[in-house]
Structures are given as C-alpha cells and as structure tokens.
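1. Build me a structure from this.
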Amino acid sequence: MDTILIVDDEKNYPLILSAVLQDEGFETLTANSGQEALEVLDHSDVDLVLTDMKMPKMDGIELLQRIKSQNPELPIIMMTAYGTVEKAVEAMQKGAYSYILKPFDNEQMILYVNKALDMYRVVKENRQLRSAVESRYSFGNLIGKSKPMQDIFETIRKVAPSSATVLIEGASGTGKELVAKSIHFNSPRRNQPFVAVNCSALAETLLESELFGHEKGAFTGAISMKKGRFELADQGTLFLDEIGELSPSLQVKLLRVLQEKVFERVGGMRPISVNIRLIAATNKSLKEEIQKGHFREDLFYRLNVVHVVLPSLAERLEDLRPLIAHFIEKYAEERHGVTPVTRVDKEVERLFFDYSWPGNVRELENVIERAMVMCPGDTIQIEDLPTDFRKNISKNNLLKLEDIEPGATLYETLAFVEKTMILNALKKADFIQSRAAALLGIGKSGLNQKLKKYGIDVSEFAENIE
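-> Numbering: from 1, shown residues only. Model (predicted):
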C-alpha cells in the first residue's frame, strides 16, 4: 500500500485530500508545516509528497530541497495557485516531479498521483535490479561440487520460479541466508525487495513491531507510524532467520498471516494485505521442537512446503578446495601493496581435511581471512593460521599419533600416518574410492596401490567400521 504525505498550512485542506486519497486505496499522512513534514519523513516510510507551495517559515521550494538532500528519488508534487506558477517551474527545475494548479478536481489530482507513484515504483525496481546484479547471488556465493550441494542447487532451480514457502534447516555457518538469496534472485521476484529478519536478535515486543509495523501512539516511544518488514517486502521475499526462536504468540500471528494473507500493525485496526514469498531458516530440528511443545505443528506444515537441509562442511569435504580458492579470491583485494596470496600449503590443506569444522563454512572463511592478514608471502603456512584454530586442530587431530608403538622406526611411523589418513578419507567419502582419492589429493590408481600396500579391503572395511 502506497503512503502519501500531504503538507499544507491550511488545517482542513490535508484532511480533505486525505479522505479523497484514502477512498482510492492510498494510506495518507498529514503535516501543517515544512518542519512538521520533515519530522514525519524522519520516522515514516513515504512513497510520495504532495505539498503546498506557499507556506510560512519554510515554503514548498525549501521543503523540496531539504527532502531531495535526504532522498533524491522520492517524488514530490507541488500544489500552487495561479499566481505562483513561476515558483512551480523553479521547483520542477530543482527536482519536483510535477505541479498542479489550485483549485483542481479530484480526478486530475488522482491522475497526477498515480503517474508519480508509477515512476517511483520503476525507480525502486531499478534500484533492486542493480542490487541484485551487484550481489550476484545466482549461485556465485554458493560453492560446491559435492553431491549434497548439487542436489541443493537443483532444488533451488526447481523451487525459485514458484512462490512456495521454503524451510531451510542447517547448523550455524552452513549458508542458510545464501540459499534464501539464491532462491530470491533466481525467481520472478528478483527485482523486488529481499528483506531479512533475525528472529533471535530482538525481544518479543520489538520483533512484533519489526515484523508488522506499528501505528503512531501504539506504545511508549511510537511517535509516528512505521511500516514493518512484511510491508517493506511487498511483492518480494521475506526471510525469517532462526524461526525456531519465535515466541508462541508470534507463532500464532505468523500462522494467521500465512493463512489469511493479511495482518494489522501493532496498535492498528485496519487489515493490511501484502504479496510476499516467505523463506524461513533454523539451526534447530523443528520436529524435535514440536515434540517438546516449543513450536506449533500447524505452523511447521505451513512453512515446510519445500524443505532444504544444508550439510555441514564436514559432510562435504570435497568442497573444501573450491571454498578455499573462493575465499582467497574474495579477500585478495584487501592485500594492497602486499604479495598476493594464491594458495595454501599442502600441510595446511591436510590439516584442514583432518579438522571437524564445528563452525562450518563460516569458520573456514574466518580462518582464511585472518591467515591472509598474517601471511607474508603467496602461500598460507601453518604459522599463519590463527592461534586458537591451531589449538582446536590439535584437539581434533584424528591421526592419534599417541597410538604409535614406542620405539617405532621412521618408516613404521610414516606408514602408520599414511594408513590412518587413508582410513579417515574413506570414512569421510562414504567408502567411495574416487572421492577418498580426491580428499587425499592423489589419483585413484595411486589410492589403489596404497590400499594393496596396507591390505585394506574397502568392502570389508565398510561393513566392519563402527
């Protein structure tokens, strides 16, 4: 719903115009001076300003200039009497959308208003398009050649053209918001807003106002009307992250919006209808939360039209090398005047493959970013890795070097390490030899030779492994 601010120093005039515009389906705000109009704009989302030219203290020209300095794209229509046409032309030169002569009939005024709003919608759509192109969320920031990631890419391709609600589950750091953005930017809504809300970041009362907006005076501190995220996402996508943290009362209100497609602002009585695509994400199992009585089953089924489960990084270690390359490229521009980092040392790579990555892709990105700050050359070495990460590596060391027999020779020690790494790689690769070879950085024929060398029967090993 478009919101129009009407500014006129004649007390009754804004009220009369409001009634006419509200009959046409617009929402209106009013102000009786330029300063009051600026205060309204500071706290309200407005799509068009309809202002008188001649006002005391701050006239229409000054108000126009003040508004344009803050929001150059917001359309402004000047209302002027015949004797001030020259001032209206001046206003056009300074950025007004148009002017209309008083007295005017209602149909003429509505025609001007609709044209201005149509223009503003195009401006906003172009802005969203530029943002979409710059963000490059097609699949650019989703890296993965592994089977689990390829399955997710295929799901995105299938679900994006629809308006189906999507529920994304995955541990923290697996890339849930990237998936949501990929769905949005591959959909017909790509040029419309993508609005994200973290449901765990705000208290219940604040979150309700953030989602649904509020009317002026709805609560202490509500000095003006504010549109919520549902309205701001109209025609686009609303992404609710950490949906499992919603309170029971907000779960009820969200369920009503999904069922009836309408809501009211906090403190409001008028139903507001919006057209959005909802994508929700959680790092919890909502089915378990339902069993605990923490989440509504009916809301779960409303959200779970399409279900996407993101694997942990430990479950898709085949993607480790392309992810490393991606993050090195991403942070390369920050190394001004320093030797470009192009790769990680083989020993660092082995440590990465042997680590459990509890923080998932986000942890890997953090490690690479910090290592590139410390790295003096073109190759990230072990000493460039963050100290706390190196401590975690030692705690997660899967080689279990303490199991080496005391007095073992160098050859026996190296053989133990090599065999252990092969067994670990086979586990991580679900005993698929080509994937295990890729994890080890060797060819499949090389792996076959080592399997024979150590007498490892993959089929028997897979059956007996715990």
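
2. separation between residue 20 and residue 272?
-> The spacing between residue 20 and residue 272, counted by Cβ to Cβ, to the nearest Å, is 20 Å. For the C-beta atoms, the positions are set from N, CA and C on the backbone; glycine is no exception.

3. neighbour count winner among these two?
-> For residue 20 and residue 272, the more surrounded residue by other Cβ atoms under 10 Å is residue 272, and the numbers stand at 20 against 15.

4. What residues are bridge-paired with the more buried one?
-> With DSSP bridges as the criterion, the beta-bridge partners of residue 272 are residue 263.

5. Quick check: chain neighbours aside, which residue is closest to residue 164?
-> Spatially, and ignoring its direct neighbours in sequence, residue 164 is nearest to residue 305 (4.7 Å; Cβ to Cβ, 6 or more residues apart in numbering).

6. That neighbour contacts residue 165, correct?
-> Yes: with contact taken as Cβ atoms under 8 Å, residue 305 and residue 165 are classed as touching, separated by 4.5 Å.

7. Who has more neighbours out of those two?
-> residue 165 (17 against 14).

8. Give me the buried stretch members for stretch 163-181, please.
-> Buried residues in stretch 163-181, defined by neighbour count with 16 or more other Cβ atoms under 10 Å: 165-171, 173-181.

9. so who does residue 221 touch?
-> Shown here is residue 221, which makes no contacts under the criterion Cβ atoms under 8 Å, 6 or more residues apart in numbering.

10. From residue 42, how far off is it?
-> Taken as Cβ to Cβ, the span from residue 221 to residue 42 is 14 Å.

11. pLDDT wise, what is the nearest residue to residue 24 once chain neighbours are set aside at?
-> Distances taken as Cβ to Cβ, 6+ apart put residue 110 closest to residue 24, at 5.8 Å, once the chain neighbours are dropped. Looking at residue 110, its pLDDT stands at 93.

12. Settle this for me: residue 110 is touching residue 26, isn't it.
-> No: the criterion here is Cβ under 8 Å, and residue 110 misses it with residue 26 at 9.1 Å.

13. more neighbours, the two?
-> For the pair residue 110 and residue 26, the greater number of neighbours falls to residue 26 (19 against 15), based on other Cβ under 10 Å.

14. Next one: that one, what pLDDT does it get?
-> Reported pLDDT for residue 26: 93.

15. from now on call the first residue 45
-> Got it, first residue is 45 now, which makes that one residue 70.

16. Now for it: which residues touch it?
-> If you count contacts by Cβ under 8 Å, 6+ apart, residue 70 has them with 45, 46, 47, 48, 157.

17. my read: the second one touches residue 94, true?
-> No: with contacts defined as Cβ under 8 Å, residue 46 does not count as touching residue 94, sitting 11.8 Å away.

18. higher neighbour count, the two?
-> residue 94 (24 against 18).

19. centre of the chain versus stretch 269-280, how much separation?
-> Taking the mean C-alpha point of stretch 269-280 and that of its whole chain, the gap between them comes to 16 Å (Cα atoms, centre = their mean, to the nearest Å).

20. Give me the buried stretch members for it, please.
-> Applying a neighbour-count criterion of 16+ other Cβ under 10 Å, the buried positions in stretch 269-280 are 269, 270, 271, 272, 273, 274, 275, 277, 278, 279, 280.

21. Let me know the closest of those to residue 310.
-> residue 272 (8.2 Å; Cβ to Cβ).

22. wait, residue 487 sits on residue 481?
-> Yes: under the criterion of Cβ under 8 Å, residue 487 lies in contact with residue 481, with a separation of 6.1 Å.

23. Same drill for these two, tell me which one is more crowded.
-> residue 481 (21 against 12).

24. got a list of what the more buried one touches?
-> Shown here is residue 481, whose contacts under the criterion Cβ under 8 Å, 6+ apart are 469, 487, 488, 490, 491.

25. and it, that's in a helix?
-> Yes: Residue 481 forms part of a helix when assessed by DSSP: H, G, I helix; E, B strand; the rest coil.

26. got a pLDDT number for it?
-> In this model, residue 481 is scored at 87, pLDDT.

27. ditto for residue 469
-> In this prediction residue 469 is given a pLDDT of 80.

28. Now do the contacts for it.
-> Neighbour list for residue 469: 397, 480, 481, 483, 484 [criterion: Cβ under 8 Å, 6+ apart].

29. for the stretch 45-194 of the chain, what spans make up the strands?
-> Listed from the start of the chain, the stretch 45-194 of the chain has strands (DSSP state E, counting those that start in this stretch) covering 47-51, 71-75, 92-96, 120-124, 142-145.

30. which residues sit against the second one?
-> Contacts of strand 71-75 with the rest of the structure, by Cβ under 8 Å, 6+ apart, involve 45-51, 58-59, 61-62, 65-66, 81, 83-84, 88, 90, 269.

31. which of the residues you listed count as buried?
-> By the neighbour-count criterion of 16+ other Cβ under 10 Å, the contacts of strand 71-75 include these buried positions: 46-51, 58, 61-62, 65, 81, 84, 88, 90, 269.

32. returning to what we had before: export the contacts of residue 481 as JSON lines, with columns for secondary structure.
-> Shown next, in JSON lines, are those (three-state DSSP):
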{"residue": "469", "secondary structure": "helix"}
{"residue": "487", "secondary structure": "coil"}
{"residue": "488", "secondary structure": "helix"}
{"residue": "490", "secondary structure": "helix"}
{"residue": "491", "secondary structure": "helix"}
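
33. Between the two ends of stretch 342-360, what distance do you get?
-> The distance separating the two terminal residues of stretch 342-360, taken as Cα to Cα, to the nearest Å, comes to 33 Å.

34. And the average pLDDT for stretch 410-420 is what?
-> Per-region confidence: stretch 410-420 scores 92 on mean pLDDT.

35. same deal with stretch 324-336?
-> If you average the pLDDT values across stretch 324-336, you get 94.

36. Test of understanding: give the bridge partners of residue 326.
-> As for beta bridges, residue 326 partners with residue 213 under DSSP bridges.

37. how many neighbours does it have?
-> Close neighbours of residue 326, defined as other Cβ under 10 Å, add up to 23.

38. burial measure for residue 166, as a count.
-> Other residues near residue 166 come to 10 when the count uses other Cβ under 10 Å.

39. Farthest-apart pair in the buried residues of stretch 207-225, please.
-> Checking those with Cβ to Cβ, the most distant pair is 209 and 217, at 23.8 Å.

40. can I assume residue 51 is in contact with residue 81?
-> Yes: checked against Cβ under 8 Å, the pair residue 51 and residue 81 is within contact range at 4.4 Å.

41. hey, what's in contact with both of these two?
-> With contacts taken as Cβ under 8 Å, 6+ apart, residue 51 and residue 81 have 75, 93, 95, 107 as neighbours in common.
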